[in-house]
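>>> quick one: sequence plus predicted model below, questions after.
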Number of protein chains: 2
Amino acid sequence: MGSMRKNWFHSLPNEALHAEFLQDVSKLLLKEAVFAGTQRKNPVVRFHDPDHLYDLLNLTPTEKPATHTELLKAICDTINFSVKTGHPYFINQLFSSVDPYGLAGQWVTDALNPSMYTYEVAPVFTLMEAVVLEEICQLVGFPSGDGMFCPGGSFANGTAINLARFKYFPDIKRDGLGCAPKLVMFASEDAHYSVHKMAALLGLGEQNVCSVQTDKTGRMDSLYLESQVQRIIATGAVPFMVVATAGTTVLGAFDPLPAIADVCTKYNLWFHVDAAWGGGLLFSRTHHHKLIGLDRADSVVWNPHKLLAAPQQCSMLLVRHPNIIKACHACNATYLFQKDKFYDVSIDFGDKYLQCGRRADVFKFWFMWKAKGSIGFEEHVNALMDCASYITTSLRQRPSFKLVLEPEFINVCFWYIPQSLQGLQEQPDFNEKLHKIAPRMKELMMRKGSMMISYQPLQSLPNFFRFVVQNSGVTHQDVDYFLDELDRLGADL
Amino acid sequence: MGSMRKNWFHSLPNEALHAEFLQDVSKLLLKEAVFAGTQRKNPVVRFHDPDHLYDLLNLTPTEKPATHTELLKAICDTINFSVKTGHPYFINQLFSSVDPYGLAGQWVTDALNPSMYTYEVAPVFTLMEAVVLEEICQLVGFPSGDGMFCPGGSFANGTAINLARFKYFPDIKRDGLGCAPKLVMFASEDAHYSVHKMAALLGLGEQNVCSVQTDKTGRMDSLYLESQVQRIIATGAVPFMVVATAGTTVLGAFDPLPAIADVCTKYNLWFHVDAAWGGGLLFSRTHHHKLIGLDRADSVVWNPHKLLAAPQQCSMLLVRHPNIIKACHACNATYLFQKDKFYDVSIDFGDKYLQCGRRADVFKFWFMWKAKGSIGFEEHVNALMDCASYITTSLRQRPSFKLVLEPEFINVCFWYIPQSLQGLQEQPDFNEKLHKIAPRMKELMMRKGSMMISYQPLQSLPNFFRFVVQNSGVTHQDVDYFLDELDRLGADL
Ligand SMILES: Cc1ncc(COP(=O)(O)O)c(C=O)c1O
Ligand SMILES: Cc1ncc(COP(=O)(O)O)c(C=O)c1O
């Protein structure tokens, strides 16, 4: 007992002190967060305004330790007031679900607390990463490719830009951009904003991301792309890269990969495909044709935490060229990557990475893959595509719903047109009024906790809703519920 | 049963299908990974060479799903062959421990699977992040500062470099480095390698990180720093930033912050302190004096996953200036950061970040803080410092151990000099022979699984060991064990 008291602050687990508490935590989580939290009869969120929630919670750190009872209470509060992203009525972002096997995978990783730099420290996860990246390279169509995990698709896109720059101007790594010509890259106007953020971070400048027009289905116009490449060359600047998107964030459009690949070949540009969102389709024999041309890319970003419902966060960068990642990033720190080790150090991946310490994001994905098999991922993706097509059909049959465009993917974008606005499309302030509907309905659904669906404007289009179902547990009845609930919320507007 | 079979691949938890399995997983983890895995009588690792381990495991993904029994077996294997980073005899890196409250915190985060961009999606974690960052800013000495979590100290350092550049040359964000003069930054020769990696990523170039000499205690020589700043100015290039390190990776040295701050003030340079490793000392009233001058910094990186034993990964960047993070990173994506929301959107932090989707790394740290109180962190840090001083005293009493230098922090660096080399210091090939001792002993300890301690060369010094204890459960007896075991392993060399 004396020694237990002495140990209270230790970072070493002690069965007598912690076993019961940790069991209680896992039971509480399973009961309240995982199962009750994802049941249809329970709310998606118990919303409170920030100031009010702040008052309800007790967040300020204290000098003194809390008791286990107080800690369990804190966990209860956290669960209670958190958004249930695993709830079937949460379709608010390009991620959702608390996948049971993904969750188990995270728990395993946490209990082992590895960091990924050397085989020495993470033998199992290092081998797993090699196997998974190799399999994914095969799927993407890079038979002798290479890959890495990244802390999200944004940094993965940034890493791809850096690789592209390194391919054509390797000296920039050592000497900086001072000695390089003005470099320009291309992305569609609907590309993810991370492309601009990363261009700024890399010292290229947001303005040197040339925005390429999309057609009315949201796809990059490859003829316009070519004309822009020529225009930039004529100014004396140097085009070096095109970012195509396979599954755009808002509309879910797929840029025409083969046509863009042709432009890249013709002008010797790095061809990057941001398939953060659409990559998961590769598992579906029915739908992978949307990614035709992907194998012509130099690099691909793919986030299993989006379409495949892996837990946050799981993001991969795949590269056609076998040695460039290492060449671009290596810095040979001798304190960590000793060459005089007793095993074959070519397995020590760390120096290939921009990160030093790194979570083993591979395990949850590997574990889900093992649990479901490739067939399970295929069924998952097919179920989502089926759900999207059921949504589309159902929307059409209801007078208050109007599609923004014919969906080609999971994203189903639509306006809710309340009765008070129906038939008034021709009025000059119609769009202005319509623009205010979605935010108002969003407030209503959040305060009620009945569901969460995102809305946004796009270019000149007024606010519209975007259905994005990545939870394969969402049924046709759920879809009916979503639409009925929108009708209920919009009844008085 | 029919519906259960239909559901097998769903990303939605189903009590009938998954409750028992998830309970089994958590029991297995507690028993084997958390408790058995951290017991002194059990090995730190069951080492196998990569090829052999690959054959022992069954890593290749399959078409078909695995059964729950097979999945539990896979978890057992993963635990069995993984390094137990929470074991008291694992002191191989600047992180260790499976802190019981940190682990509980991770499990909570995983069960809720949030992503951090808006209050809408992560209300509790968003408020928590605001509270924790504000508290930490106070601790660091930035009363009206700002902060953010980063995916590791490496990216945190990179983000700081980007902020520094933005402060002096805000147009680079939009226009790129083309329009800027040649920019140069300074870091000591013992600074973490991420400074170079990030300088390359940001387009500044590795070569434009000017390496500043250290004195024989491993601290940056501030007179030499000033002379280098003057030299660079004389070449026509523009110095913009100094990176000081508070707790260097290998030697654990603290650069003289006040003297460096003076140089930065004089030449109008951004003063960044990489306290990834040393930051935790702020919690100790006995030891925080090592960080005097930290409050004069413009930015500070601090990794609670190192000294404070928070789980991988937990890393913060703190900045003196209240608005610069947002100004430097924002890009106003309307699909995610709508301004017409129904709550006060100033709480939506996402646009301040370089990441889009982001794990809630705050919770585990907040939870540990709640569990232990500031006093618990203080006791933890004091216990580690006490342990380091016990190691130092004990080393001195043993003929086979020789300190590399007088430790001023947790890092205790020493050579093991086997009997066969004792007294031969004057021989010309002594260093060459000594250089081979540590790798050989490392192999022996890993194959035996008895402990893990890292070694490395530094500049012209031959390979030496580095003790770094961040697990406050490590006792004086454990230290005796480490030293005895080194004597056993080195007996025949
Ligand atoms: C002083 C210092 N700074 C930064 C880092 C990088 O931190 P991370 O591993 O989280 O990227 C390290 C890692 O050991 C370090 O020792
Ligand atoms: C097309 C696309 N690319 C990249 C990203 C960024 O991924 P992450 O959120 O992992 O940074 C997103 C995020 O939604 C996206 O939709």
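Received, thanks. Ligands and ions are numbered 1, 2, ... in the order given.

>>> and stretch A:304-323 with chain B, contact?
Yes - with CB under 8 Å from any CB of the partner chain as the measure, stretch A:304-323 is seen reaching chain B through A:His305, A:Ala309, A:Pro311, A:Gln312, A:Gln313. Bear in mind the C-beta positions are built from the backbone N, C-alpha and C, glycine included.

>>> how about that stretch: buried residues?
Taking 16 or more other CB atoms under 10 Å in any protein chain shown as the basis for neighbour counts, the residues of stretch A:304-323 that come out buried are A:304-320.

>>> how far away is A:Gln338 from B:Phe240?
34 Å (CB to CB, to the nearest Å).

>>> what does A:Thr235 give?
Where B:Phe240 is concerned, A:Thr235 sits at a distance of 29 Å (CB to CB).

>>> what's the burial count for A:Ala16?
Counted with other CB atoms under 10 Å in any protein chain shown, the neighbours of A:Ala16 add up to 10.

>>> hey, where'd the strands end up in the stretch 351-493 of chain A?
Under the criterion DSSP state E, counting those that start in this stretch, the stretch 351-493 of chain A carries strands at the ranges A:401-403, A:412-416, A:452-458, A:461-467.

>>> chain A now?
Applying DSSP state E to chain A gives strands spanning A:90-91, A:146-150, A:183-188, A:209-212, A:238-245, A:270-274, A:299-302, A:315-319, A:401-403, A:412-416, A:452-458, A:461-467.

>>> so can I have CSV of these showing distance to A:Ser227?
Shown next, in CSV, are the strands of chain A (distance: least, CB to CB, whole Å):
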stretch, distance to A:Ser227
strand A:90-91, 38
strand A:146-150, 33
strand A:183-188, 11
strand A:209-212, 9
strand A:238-245, 12
strand A:270-274, 18
strand A:299-302, 24
strand A:315-319, 29
strand A:401-403, 31
strand A:412-416, 28
strand A:452-458, 23
strand A:461-467, 25
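
>>> which of those strands sits most buried?
Ranked by mean neighbour count under mean count of other CB atoms under 10 Å in any protein chain shown, the strands of chain A are led by strand A:299-302, which reaches a mean of 31.

>>> please name the nearest non-neighbouring residue to A:Arg165.
The spatially closest residue to A:Arg165, leaving aside those adjacent along the chain, is A:Ile172, at 5.9 Å (CB to CB, 6 or more residues apart in numbering or on different chains).

>>> who are the contact partners of the one you found?
A:Arg165, A:Phe166, A:Cys179, A:Ala180, B:Ala200, B:Gly203, B:Gly205 (CB atoms under 8 Å, 6 or more residues apart in numbering or on different chains).

>>> over to A:Val468?
Taking CB under 8 Å, 6+ apart as the definition of contact, the neighbours of A:Val468 are A:Ile91, A:Gln93, A:Leu94, A:Ser96, A:Gly252, A:Ile410, A:Asn411, A:Val412, A:Ser454.

>>> ok, and which of the buried residues of stretch A:304-323 reach ligand 2?
Taking CB under 6 Å from any ligand atom, the overlap between the buried residues of stretch A:304-323 and the neighbourhood of ligand 2 is A:Ser315.

>>> out of the buried residues of stretch A:304-323, list just those in helices.
Residues of the buried residues of stretch A:304-323 located in helices (DSSP state H): none.

>>> tell me the pLDDT of the single nearest residue of the stretch 1-150 of chain A relative to chain B.
Of all residues in the stretch 1-150 of chain A, the one sitting closest to chain B is A:Leu12 (2.4 Å; CB to the nearest CB). Per-residue confidence for A:Leu12 comes out at a pLDDT of 98.

>>> tell me how far the nearest residue in space to it that is not next to it in sequence lies from B:Asp298.
Using CB to CB, 6+ apart and skipping residues adjacent in sequence, the residue nearest A:Leu12 is B:Gly473, 2.4 Å away. The gap separating B:Gly473 from B:Asp298 is 37 Å, by CB to CB.

>>> one step back: can you say which of the contacts of A:Ile172 are buried?
Under a neighbour-count criterion of 16+ other CB under 10 Å, the subset of these counted as buried comprises A:Arg165, A:Phe166, A:Ala180, B:Ala200, B:Gly203, B:Gly205.

>>> minimum pLDDT in these, which residue is that?
Across the buried ones among the contacts of A:Ile172, the bottom pLDDT score, 93, is held by A:Ala180.
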